[in-house]
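A.B. asks: model this:
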Amino acid sequence: MRKIVSLLFIFIQTAAFSQVDRELISLSGIREAEQHAVVLRNGSGTIPLKNLKGLKIASLHFGSAHTAVFDSIANKYWAVESIHADTIRNIEEFNKLHDQLKLHNLIVFDLSAETRFSKELLAFISDVESKTKSIIILSGSGKNLELLAKFKSAIIWNKHESASAASFSAQLMFGGASAANKLNADYGYHFKKGYGYTIQKIRLGYSLPDAVSLNGSLAGGIDSIVNAGIAAHSAPAVVILVAKDGKVIFSKAYGSHTYKGTASTKADDIFDMASVTKVSATTPAIMRLYDKKLISLEDTISRYVALTRNIPDKRDIKIKEALLHEAGYTPYIKFFELLKPGEMSNDSSSTHPTKVADNYFLRANYFNEVMWPVTLASTGGTRGKFVYSDVSMYMLKEVVEQVSHSRLNDYVSNEFYTPLGMLSTGYQPRNRFEKSRIVPTTENDNWFRDMLVQGYVNDPGAAMSGGVQGHAGLFSNANDLAIYFQMLLNNGMYGGQKYFEAGTVKLFTSHQSKVSERGYGFARVTQKELNANKGYPSEKAFGHSGYTGTYVWVDPVYNLVYICLTNRVYPDDGKTFGVSKVNIRAQVLDRVYQEILRSDRDVQK
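C.D. replies: Presented below is the predicted three-dimensional model:
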């Protein structure tokens, strides 16, 4: 029965509640968990976990009733292998488990009042922590606290054994929540009244709308908009995430991967980011190089890309012009129209190694021999005007790779995604993830593949570049994007680490153009939106959209991160269904802003 309750909590928390009374009941449980969580040992500063890169975590569950909740929340921060060890009794079984943990360098012991605190278990914990960094989490009665006094590991105790307590302990371990509670009584000789460590919040937390004073009806309003959009064939699969005040207060998946399919959309499904790649890969790479003073925004691109030095309309274009889409580059090049017979093949070989879809391969060196020369020869003639151009990001990718001496995909993974805990983000996802976890983008791309595109970038130019390009090619999920954009909202800080100087974040995300509302790389709130005088967005809001149906939005004034992921171009770009479409991303964002404003008005009364 307890496991059923745990799974129900996961569903309820993911759906962020559709009924106000149920939300308040759960919110009461969350607040109770927050009030009774005490960190009893942390002398080594293990909690919160800061440097995630390289961690190999195993959580060992001994009698805990809410393992599903703990593991679900923990895996939002980093990969955690769950091991149910309830049935282990004798020394031999513990020795076997000990050897199974040889590849893990952090062990979490999940204990409860129902745990059988045998001498074998206590000896096992002592043995493991003597060799491997460990964290002990205890929920329920404190009658067994004294048994843990001899251990040196960090200890989190919550006197309540509940799904909310399991969720909070996982967040506390990673710094998704703070704690400063002290023991209100003595628990044995070692744990005295007033004892307890203070833990700072350094990452996103997970809660409910009411925790940030938003009404529970928010969920129902979002449901109505998204379901109407799916019914109107605006997209078959949708994931919405809302983070407010550093907490994810809504995260829900809708629909199925395809209109007629049986694969239900999940909150952690991976989507083709399309042009969100520009602000989630290429732009942060430029920001990092700028931060390190390896480049200047006033530098010409030709300083780094030598082949542009003798091209009159390209040799003096500055990096900042490309970021603003004012460089005069042509907007888009249909590289697939350049293909000649024999340059595509259904079989992989040394002559056709570049995979653009399942069982479909492009000939070797096509980018260097065809695409790049065509790009260099292309003309736009609109320098000084805002003309949105994918070619800008082709050029900036080359800058990043010349300066960093790394492939763009490797650079952003090593510098951002992995240390941030964005384990579902990156290029070429089919190399790392099951196909079933990646939402199909199109059934027929209407360009050059004429087949289902799932796990390969939808954009033809990026696909023909091997899946890695500056304007498109990135894949991610909602939770990962929330982490990255929360880092920007935090002025470059996340998880106790600085990814950017605060001034760099402000520079790139603020208004920088004389001819548009753009920042460096980022789209921003438009004058039209400000003139609408709705009270939102704020003048500091920024984000970006993607052709495939992705959208990210950050509003520093409202402390808001909004993620909308859809596969709107499925089954193809024609969309010949004869029905009006619902602008899901805009309508849901409006609903979120309206609820925030309503809450602010109530506070002011």
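
A.B. asks: Confirm for me that Leu339 is in contact with Arg449.
C.D. replies: No. With contacts counted by Cβ atoms under 8 Å, Leu339 stays clear of Arg449, the gap being 11.2 Å. Placement of C-beta: from N, CA and C, glycine included.

A.B. asks: For Asn567, see how far away the closest residue to Ala113 other than its chain neighbours is.
C.D. replies: The shortest distance from Ala113 to any non-neighbouring residue, by Cβ to Cβ, 6 or more residues apart in numbering, is to Gly140 (3.0 Å). According to Cβ to Cβ, to the nearest Å, Gly140 stands 44 Å off from Asn567.

A.B. asks: Look at Ser82 and give its secondary structure.
C.D. replies: Following DSSP: H, G, I helix; E, B strand; the rest coil, Ser82 is assigned to strand.

A.B. asks: Tell me how many other residues crowd the residue lying closest to it once chain neighbours are set aside.
C.D. replies: Nearest non-adjacent residue to Ser82, counting by Cβ to Cβ, 6+ apart: Asp71, 4.6 Å away. Asp71: 20 surrounding residues under other Cβ atoms under 10 Å.

A.B. asks: so Asp71 is in which element?
C.D. replies: Using DSSP states H and E, Asp71 sits in helix 67-74.

A.B. asks: Not counting that helix itself, show me its contacts.
C.D. replies: The contact list for helix 67-74, computed with Cβ atoms under 8 Å, 6 or more residues apart in numbering, reads 3, 6-7, 9-10, 57, 59, 61, 64, 80, 82, 84, 108, 110, 137, 163, 166-167, 169-171, 173-174, 176, 206.

A.B. asks: Mind naming the longest helix for the chain?
C.D. replies: Secondary structure of the chain per DSSP state H: the longest helix is helix 584-604.

A.B. asks: what ranges do the helices span in the stretch 1-150 of the chain?
C.D. replies: 2-15, 20-36, 67-74, 91-100, 119-129 (DSSP state H, counting those that start in this stretch).

A.B. asks: And for the stretch 451-600 of the chain?
C.D. replies: Using DSSP H, counting those that start in this stretch, helices in the stretch 451-600 of the chain cover 460-464, 478-489, 502-509, 527-531, 584-604.

A.B. asks: what do you get for the stretch 151-300 of the chain?
C.D. replies: Going by DSSP H, counting those that start in this stretch, the stretch 151-300 of the chain shows helices at 163-174, 217-231, 276-277, 283-291.

A.B. asks: Can you say which of those is nearest to Asn51?
C.D. replies: helix 163-174 (11.8 Å; Cβ to Cβ).

A.B. asks: so who does Glu529 touch?
C.D. replies: Pro537.

A.B. asks: Likewise for Ser162?
C.D. replies: Taking Cβ under 8 Å, 6+ apart, we find Ser162 in contact with 29, 32-33, 66, 139.

A.B. asks: What separation is there between it and His61?
C.D. replies: As judged by Cβ to Cβ, Ser162 and His61 stand 15 Å apart.

A.B. asks: Convert the C-alpha atoms of the helix holding Asp71 to PDB, please.
C.D. replies: Once non-C-alpha atoms are left out, helix 67-74 reads as follows in PDB (Å, rounded to 0.1, in the frame of the first residue of the first chain):
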ATOM      1  CA  THR A  67      11.900   4.600  -2.700                       C
ATOM      2  CA  ALA A  68      10.100   5.500  -6.000                       C
ATOM      3  CA  VAL A  69       9.700   9.100  -4.900                       C
ATOM      4  CA  PHE A  70      13.200   9.400  -3.700                       C
ATOM      5  CA  ASP A  71      14.700   7.900  -6.900                       C
ATOM      6  CA  SER A  72      12.400  10.000  -9.200                       C
ATOM      7  CA  ILE A  73      13.500  13.300  -7.600                       C
ATOM      8  CA  ALA A  74      17.200  12.300  -7.200                       C
END
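
A.B. asks: coming back round to it: just flag the most distant two among the contacts of Ser162.
C.D. replies: Using Cβ to Cβ, those reach their maximum pairwise distance at Glu32 and His66, which is 14.0 Å.

A.B. asks: of those two, who's got more company?
C.D. replies: His66 (28 against 17).

A.B. asks: which residue sits closest to the more buried one in space, ignoring its chain neighbours?
C.D. replies: Using Cβ to Cβ, 6+ apart, the nearest residue to His66 is Ala166, at 3.7 Å.

A.B. asks: Pretty sure the one you found sits against Ser139.
C.D. replies: Yes. Ala166 is in contact with Ser139 according to Cβ under 8 Å; the separation is 6.8 Å.

A.B. asks: so what sits against both of those two?
C.D. replies: Common neighbours of Ala166 and Ser139 (Cβ under 8 Å, 6+ apart) are 64, 66.

A.B. asks: thinking again about what came up before, out of the contacts of Ser162, the closest to Ser476 would be?
C.D. replies: Nearest to Ser476 among the contacts of Ser162: His66, at 28.7 Å, using Cβ to Cβ.

A.B. asks: Check the chain for me, the residue farthest from its geometric middle.
C.D. replies: Tyr189 (44.4 Å; Cα atoms, centre = their mean).

A.B. asks: can you pull the contacts of that one?
C.D. replies: With Cβ under 8 Å, 6+ apart, Tyr189 has these contacts: 146, 149.

A.B. asks: swap in Leu214?
C.D. replies: Residues near Leu214 by Cβ under 8 Å, 6+ apart: 244, 249, 595-596, 599.

A.B. asks: and what of Ile83?
C.D. replies: 58-61, 97, 100.

A.B. asks: Recalculate using a threshold of 10 Å.
C.D. replies: By Cβ atoms under 10 Å, 6 or more residues apart in numbering, the contact list for Ile83 reads 58-62, 67, 97, 100-101, 104, 107-108, 110.

A.B. asks: how close does Lys152 get to Val128?
C.D. replies: Distance of Lys152 to Val128, given as Cβ to Cβ: 11 Å.

A.B. asks: still on that earlier bit, using CSV, lay out the contacts of Ile83 together with distance to Gly421, neighbour count and pLDDT.
C.D. replies: Shown next, in CSV, are the contacts of Ile83 (distance: Cβ to Cβ, whole Å; neighbours: other Cβ atoms under 10 Å; pLDDT from 0 to 100):
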residue, distance to Gly421, neighbour count, pLDDT
Ala58, 17, 20, 98
Ser59, 16, 26, 98
Leu60, 21, 26, 97
His61, 22, 23, 96
Phe62, 26, 23, 96
Thr67, 21, 23, 93
Leu97, 27, 16, 97
Gln100, 25, 12, 96
Leu101, 22, 17, 97
His104, 17, 20, 98
Ile107, 19, 23, 98
Val108, 16, 27, 98
Asp110, 20, 28, 97
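
A.B. asks: Now intersect those residues with the strands, please.
C.D. replies: 58-62, 107-108, 110 (DSSP state E).

A.B. asks: mind checking which helix or strand the residue nearest to Asp313 when sequence neighbours are not counted is in?
C.D. replies: Take Asp313 and drop its neighbours on the chain: the residue closest to it by Cβ to Cβ, 6+ apart is Thr379, 6.1 Å away. Assigned by DSSP H and E, Thr379 belongs to no helix or strand.

A.B. asks: distance of Thr379 from Met371?
C.D. replies: 16 Å.

A.B. asks: more neighbours, these two?
C.D. replies: More crowded of Thr379 and Met371, by other Cβ under 10 Å: Met371, with 20 against 12.

A.B. asks: Now for Asp299, how many residues are close by?
C.D. replies: Applying other Cβ under 10 Å, we find 16 residues neighbouring Asp299.

A.B. asks: and it, what is it in contact with?
C.D. replies: 290, 318-320, 399, 403.

A.B. asks: Nearest the geometric middle of the chain, what residue?
C.D. replies: Asp480 (0.8 Å).

A.B. asks: tell me the SS of the closest residue to that one other than its chain neighbours?
C.D. replies: Nearest residue to Asp480, sequence neighbours excluded (Cβ to Cβ, 6+ apart): Met422, at 3.9 Å. At Met422 the chain is in coil, as set by three-state DSSP.
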